[in-house]
Structure formats: C-alpha cells, structure tokens
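> pasting the sequence and the predicted coordinates here, then a few questions.
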2 protein chains.
Amino acid sequence: MTTKQLIEQIHRKKSFLCIGLDVDLNKIPEFLLKEEDPIFKFNKAIIDATHHLCVAYKPNTAFYEAYGLKGWKALEKTIHYLNASYPEIFTIADAKRGDIGNTSSRYAKAFFEDLAFDSMTVAPYMGKDSVEPFLAFENKHTILLALTSNEGAFDFQTKKIDGKELYKQVLETSKSWKNSENLMYVIGATKAEYLKEIRQIIPNSFLLVPGVGAQGGNLQDFCKYGLNKQIGLLVNSSRGIIYASKNKGFAKAAALKAFEVQQEMEEILNQL
Amino acid sequence: MTTKQLIEQIHRKKSFLCIGLDVDLNKIPEFLLKEEDPIFKFNKAIIDATHHLCVAYKPNTAFYEAYGLKGWKALEKTIHYLNASYPEIFTIADAKRGDIGNTSSRYAKAFFEDLAFDSMTVAPYMGKDSVEPFLAFENKHTILLALTSNEGAFDFQTKKIDGKELYKQVLETSKSWKNSENLMYVIGATKAEYLKEIRQIIPNSFLLVPGVGAQGGNLQDFCKYGLNKQIGLLVNSSRGIIYASKNKGFAKAAALKAFEVQQEMEEILNQL
C-alpha cells in the first residue's frame, strides 16, 4: 500500500486508529475456546465488527509465536483474511525484528512477501545494514522503534550522544538510509511533550503511537504536536478495544469502544 | 542448562564451538529437496555428524520464519531432536527479540518453555523491563546484543554517551538488572581489540561470538583477550561449516570443517 492510499483511507473513515490484535487465549470469550482455531475466530469477529472504524490492524507476533504452530497458522489466516476481505486496510506486523543484512532480508521476505503485510516494526540497534533490507521493498513500510512507551525507554533511548538523545540520533541517522521514504517510526504516547522536537527532525513521516488508552486521555495532547499536513499519525489501541467484553457480544462491545475513539479522532480531524 | 554444565561440556569436548543452523533451501544439497521436510533432514544430518565437536547449536529464527508454517515446524522438530538426542548440547534461539514487559514474557515462554531452548538472543534498545522477563527463567540464558559484527554497529553501538560507548552502557546497565546472572552477551568477532575493555566490565560473563570464519583467522586474537577462568566464550560458525559441500557427503564435510575449528580450540585450551 502506498502512503497516499493510507492517507485517503484516513480521510474517508475520519479515523487514524490502529487496532492491536494481541490475542491471549486467557482473555478471549471462553465459548470460543471450543472452536478449532479460536485465535482466528476471535480476530475475524473483531475485524468484521471494527474495520470501518479503523485504518490499520497490528498483530504483535509474540502473541502468536507463544502458541507455536497453532499460533503461526492463526497469524497466517488473519493476514490472509485481512488482505482478501479488506484490502484497503493497512496491516502492521509488530515483530520488532532486526539482524545482519542477509538475515534481515529473510525477515523482510517472510513478512512483506509471503505474509504480505504492508509494514512491520524493526529495531534500530544494529544500524543501517540491518534496516535497509526492509526498506528495499517498494510500497512496504518499515516502522523503526525510536521512542517506546515503556519505562525502559529511559535506559538507553533518552541518553545523550553528543548532546542529542539516542532516539533523536536514530531519527536523524535513519533519514540518510537508502529508500528512507519507506520509514515510519514508533513514538510512545506517554511522551507527547517530546513531539514538537521530533516533528522538527521528521516533519513528514508517519508515527505509530502505542499506549493511547481507549479513554484517549492524552490523544488531544498527542495530536496537537504530532499531526502534520498528511495527518502522519496512526494511534494504536489493543486491550482497551479487543477485550471490551467476554460475552457473546464481544465483537459489538469492541466496535463500541473503537467507535468512541474514532469519534474523538473525527472531532480532531474536523478541527484541522 | 546451568552455566556449570556448559563449562563441563566445553572441557570434556575441548571445544567452545557453536554451529549456526541457518538453513537456506538454495544452499543445501539438492537431493534433500525431495524429502518431506528437507530443513529438518539437513539439520539432523549436520547435528548427528558434528555434535561431538561443538557444544552449542544456534538456529537463527529468520531462516525458519522465511518458510512460514513449514519453517516453524522444522524449527520445532530440530529443537525437539536436539533436546531428546543430545541433552548435553546448549541450544540458542537466535531470535533477537525484545518488546514491552508482558509481550517479552510471551516470547520468553515461547522459546524457553514451549520450544525448551536453553537460551535466546535479545535486543537491548527498549531497556530493563523489556529484558527482565527473559531473565526471570531459571537456568535459561538471555544473550543480549551488545557489540554486533556488522558495519551498522558503528551507527549507534559505538557512539559515546557520557564518554562511554553505547554498547558499554548496555553492558554496565544490564549488570544491575534482576537475575543478571542469567545474562550472556553477543560480541562481534571483528572487534577483538575491544575485548580487553569489555572484560573489565563483564569479567565473568559468557560471550557469544559470531563472525569467526571456519578458517579461524582471528580466533587466536579473540581468545587472547576474551577467555576467562571459566572459558567464557562460545564462538559461532554457520555457513563455513554447514555448507562445506552440496554432495551426498555434505554432513561428513561439515564435520571435517568443525573438526578443524575444534582442533584449533583444543590447542588454545591446552595452552591455558
């Protein structure tokens, strides 16, 4: 998918919501456990109920790998279903991969070609030649970890190198990499105040924002500094939406939560 | 596996060789492609022929994920075969994972419990709470990326924070994490000259060293500064060993290459 198609979708749906498909068999409705593939069954119901309210889905691969072969199969079925039934949706493999060149190429092939995700998250620690193999894929997007939303972000990411925080070095340096127009960045939502400076470094890039709750507490704050002329934001919510209920009506309950967030986003977009 | 058991194995085999099982269907003998599971068939033959010459095997997960379900199944079969047939072998999932706390826990469960690897590689970028869930597993080892052997290592890892390179900050900081005795570190073999300072920070830890060729060009150099009282080194070779030949005798050819490296290691160990 091109960035232009993503932006068109955002304007059409008046939403920049990404729904995280982090499926935990202990948290989904119990009656689904009798199904042959409860993970896919759950995802399909959530997707069917929410696809008009969001522009992206983001399965975190850890949740699927934790179930071994069964989990990997459910991930394959989920992405195939998304691509076949809702081709306008932007899909993100939240895999946080990164390795030496020829090995990164294999991850890129697995997620971009075989599974046909539109994008995937990648870790920056191993530098340029570990990321460029992902960037080589046309109309595929590499979402580089920059500033994450967890406590450990302060261990290294915010430490200063030559007077500039590591995550800013990652933003700066990555701009010079080949095909850097295919880069997006993970920017944790707990750090809305950092966004002004981030936007000075990468004014045009899309940011994937985890950590904004269903209540959208700091969504306004984050949008104030994060939105750009092309919108430039994908805001993710996982548990707050997909685990809204454990009853028969779980998908409808998820849709209601997604609708709340979409409404807040529509209001923000209308003010632009 | 305990570190003590690993060290005993090294002394018994007079080897600290780790063989990387990075299986590429374009590089294995063609006649294997007719098999139902050529990846596992190849691994089994390599393992059966070399297990007495090495102390560890390290499948890189990228090579398996690139083949989707078939690849994941081959990875499962390989680790099960290793655990069942050669329980003395130290197994490493070269996965380079790392995510926020509850998600890292899922990766740890997948690789340490379900697949029953002894260890796995983890990326440090997201800090303490992204790594501690791996460290929580008793007698399992978390091999943290510190200084990698690729060109991109110079993009961030060797940049100075408060006068000290990022990779040294990773070494220092990680020592204070809970259950840090379960840490090992990836230190690229192209940087033998850095080892003296690295050993000042982590004198007792095991280092996993990628990038030492089958010729063992810089093995002597690396050992000079890297070996400690408990040996403390695992030196990996992948392509140089497993792709020694594409003929019927490929496993024997791999064993010969492994034997060359083991002999060099035996000589080094005998000089201690």
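Ah, there it is.

> A:Pro59 contacts A:Ile39, doesn't it?
No. With contact defined as Cβ atoms under 8 Å, A:Pro59 does not reach A:Ile39; the gap is 9.7 Å. (C-beta placed from N, C-alpha, C; glycine too.)

> shared neighbours of those two, which are they?
A:Val23, A:Thr78 (Cβ atoms under 8 Å, 6 or more residues apart in numbering or on different chains).

> from B:Glu151, how far off is A:Ser105?
From A:Ser105 across to B:Glu151, the span is 15 Å (Cβ to Cβ, to the nearest Å).

> more crowded one of those two?
Neighbour totals were compared for A:Ser105 and B:Glu151, and A:Ser105 leads with 18 against 15 (other Cβ atoms under 10 Å in any protein chain shown).

> OK, contacts around the more buried one?
With Cβ under 8 Å, 6+ apart, A:Ser105 has these contacts: A:Pro133.

> quick check: next helix or strand after the helix or strand containing it?
A:Ser105 is located in helix A:101-108, with elements delineated by DSSP states H and E. With elements assigned by DSSP H and E, the helix or strand that comes after helix A:101-108 is strand A:119-122.

> so what strands line up beside that next one?
According to DSSP bridges, strand A:119-122 forms sheet pairs with strand A:90-97 (parallel), strand A:141-147 (parallel).

> work out for me the element A:Tyr167 sits within.
Judged by DSSP H and E, A:Tyr167 forms part of helix A:166-174.

> check whether that helix contacts chain B.
Yes. Using Cβ under 8 Å from any Cβ of the partner chain, we find that helix A:166-174 touches chain B at A:Leu166, A:Gln169, A:Val170, A:Thr173.

> what residues sit buried inside the helix or strand that that helix is followed by?
The helix or strand immediately downstream of helix A:166-174 is strand A:183-187, counting by DSSP H and E. By neighbour count on 16 or more other Cβ atoms under 10 Å in any protein chain shown, the buried set for strand A:183-187 is A:Leu183, A:Met184, A:Tyr185, A:Val186, A:Ile187.

> the first one and chain B, how far apart?
It stands for A:Leu183. With distances taken as Cβ to the nearest Cβ, to the nearest Å, A:Leu183 is found 14 Å from chain B.

> repeat that for the last one.
Between A:Ile187 and chain B the computed distance is 13 Å (Cβ to the nearest Cβ).

> where does that residue land on pLDDT?
At A:Ile187, the predicted lDDT confidence score is 94.

> how close does the closest residue to it other than its chain neighbours sit to chain B?
Residue nearest to A:Ile187 in three dimensions, not counting chain neighbours: A:Leu207, with 4.6 Å by Cβ to Cβ, 6 or more residues apart in numbering or on different chains. Going from A:Leu207 to chain B by Cβ to the nearest Cβ gives 17 Å.

> ends of stretch A:200-218, what's the gap?
21 Å (Cα to Cα, to the nearest Å).

> how many other residues sit next to A:Leu195?
Neighbours of A:Leu195 using other Cβ under 10 Å come to 22.

> and it, helix, strand or coil?
Following DSSP: H, G, I helix; E, B strand; the rest coil, A:Leu195 is assigned to helix.

> mind checking which helix or strand of chain A has the lowest mean pLDDT?
Lowest mean confidence among the helices and strands of chain A (mean pLDDT, DSSP states H and E): helix A:219-226, at a mean of 89.

> contact partners of it?
Outside helix A:219-226, the residues within contact range by Cβ under 8 Å, 6+ apart are A:187, A:189, A:192-193, A:195-196, A:199, A:207, A:209, A:212, A:232-233, A:235, A:261, A:264-265, A:268.

> A:Ser15 is in contact with A:Cys54, correct?
Yes. In this structure, A:Cys54 is within contact of A:Ser15 by Cβ under 8 Å, at 5.9 Å.

> compare these two (neighbour count), which wins?
Neighbour totals were compared for A:Cys54 and A:Ser15, and A:Cys54 leads with 27 against 24 (other Cβ under 10 Å).

> spell out which parts of the stretch 101-250 of chain A neighbour chain B.
So the stretch 101-250 of chain A meets chain B at A:101, A:103-104, A:106-107, A:109-110, A:114-115, A:123-131, A:145, A:148-157, A:159-162, A:166, A:169-170, A:173 (Cβ under 8 Å from any Cβ).

> now, of these, which are buried?
A:101, A:103-104, A:106-107, A:109-110, A:115, A:123-131, A:145, A:148-150, A:152-153, A:155-157, A:159, A:161, A:166, A:169-170, A:173.

> low-confidence regions, chain A specifically.
A:213-217 (pLDDT under 70).

> any idea how far B:Asp94 is from the closest residue to chain B within the stretch 151-272 of chain A?
Going by Cβ to the nearest Cβ, chain B is nearest to A:Gly152 of the stretch 151-272 of chain A, at 2.4 Å. Applying Cβ to Cβ, the value for A:Gly152 to B:Asp94 is 22 Å.

> I'd say A:Phe42 and A:Leu33 touch.
No. The criterion here is Cβ under 8 Å, and A:Phe42 misses it with A:Leu33 at 9.8 Å.

> and the two? which has more neighbours close in?
Neighbour count, other Cβ under 10 Å: between A:Phe42 and A:Leu33, A:Phe42 has more, with 26 against 12.

> end-to-end on stretch A:61-76?
11 Å.

> that stretch and chain B in contact?
Yes. Using Cβ under 8 Å from any Cβ, we find that stretch A:61-76 touches chain B at A:Ala62, A:Phe63, A:Glu65, A:Ala66, A:Gly68, A:Leu69, A:Trp72, A:Lys73, A:Glu76.

> which residues does that stretch contact?
A:21-25, A:37, A:39-40, A:43, A:59, A:93-95, A:115, B:68-69, B:72-73, B:76, B:97, B:99, B:103-104, B:106-107, B:109-110, B:114-115.

> quick one: buried residues of that stretch?
Counting neighbours by 16+ other Cβ under 10 Å, one finds that the buried residues in stretch A:61-76 are A:61-68, A:70-76.

> can you check stretch A:240-249 too?
A:Gly240, A:Ile241, A:Ile242, A:Tyr243, A:Ala244.

> all helices of chain A, in order?
With DSSP state H as the criterion, chain A has helices at A:3-13, A:38-50, A:61-65, A:68-85, A:101-108, A:128-135, A:166-174, A:195-201, A:219-226, A:239-242, A:250-270.

> what helices or strands is the longest one leaning on?
Spelled out, it's helix A:250-270. Applying 3 or more Cβ pairs under 8 Å, 6 or more residues apart in numbering or on different chains; DSSP states H and E, we find helix A:250-270 packed against helix A:3-13, strand A:17-20, helix A:38-50, helix A:219-226, strand A:233-237, helix A:239-242.

> distance to B:Ala255 added to these, as a markdown table?
Listed next are these as a markdown table, based on distance: least, Cβ to Cβ, whole Å:
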| stretch | distance to B:Ala255 |
| --- | --- |
| helix A:3-13 | 51 |
| strand A:17-20 | 47 |
| helix A:38-50 | 42 |
| helix A:219-226 | 57 |
| strand A:233-237 | 49 |
| helix A:239-242 | 50 |
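
> returning to that earlier point: isn't the residue of the stretch 151-272 of chain A closest to chain B right up against B:Val122?
No. Counting by Cβ under 8 Å, A:Gly152 does not reach B:Val122; the two are 12.0 Å apart.

> which residues are common contacts for those two?
Jointly contacting A:Gly152 and B:Val122 under the rule Cβ under 8 Å, 6+ apart are B:Ser130, B:Val131.

> what are the phi and psi values at A:Gln230?
When read as degrees, to the nearest 10, the backbone of A:Gln230 gives phi -100, psi 20.

> noted, bye for now.
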